[in-house]
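Colleague: Give me the fold of what follows.
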Amino acid sequence: MKEFSHVGIPTTTQRDGEIYLEDAKLHVTDFAQSPSLVEWLRFEDGSPMPEVLKKVAHVAFKVDDLEAAMAGQEVLIEPFAPMEGLMCGFIMDDGAPVELMQEL
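Modeller: The predicted model follows:
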């Protein structure tokens, strides 16, 4: 199963309620709190995240099996756990970043 989750948009504007992901040097908003399902991503200088994520919006999908969904794809970021109960990975699809998410 592949189900739309949200759109992630890079920004330089600080927003209320940001969640800080220390390893990524990244501040994100909770897309579930956005009427349009937008996740704002504000990267700190020195963030190890790929440049394409810092500059290009991504679309995100929930999947049942992250490993299977990423198999055979151009992997941008290997699966990681940004928070408890969630695994995410990023692939490139025709030059655009796509996030795949599996709830554990």
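Colleague: Next, the contact list for the closest residue to I91 other than its chain neighbours, please.
Modeller: Of all residues not flanking I91 in the chain, Q73 sits nearest, at 4.1 Å (Cβ to Cβ, 6 or more residues apart in numbering). To be clear about C-beta, it is placed using only N, CA and C from the backbone, and glycine gets the same treatment. Residues near Q73 by Cβ atoms under 8 Å, 6 or more residues apart in numbering: 91-93.
Colleague: can you check S47 too?
Modeller: 24-26, 54.
Colleague: Buried ones among the residues you listed?
Modeller: Buried by 16 or more other Cβ atoms under 10 Å: 24, 26, out of the contacts of S47.
Colleague: Which single one of the contacts of S47 is nearest to D16?
Modeller: Of all the contacts of S47, D16 sits closest to L26, with 16.6 Å by Cβ to Cβ.
Colleague: I figured the closest one hits E44, correct?
Modeller: Yes: with contact defined as Cβ atoms under 8 Å, L26 and E44 form a contacting pair (7.0 Å).
Colleague: where exactly do the helices run in the protein?
Modeller: All helices of the chain, identified by DSSP state H, fall at 51-55, 66-70.
Colleague: With that, I have no additional questions.
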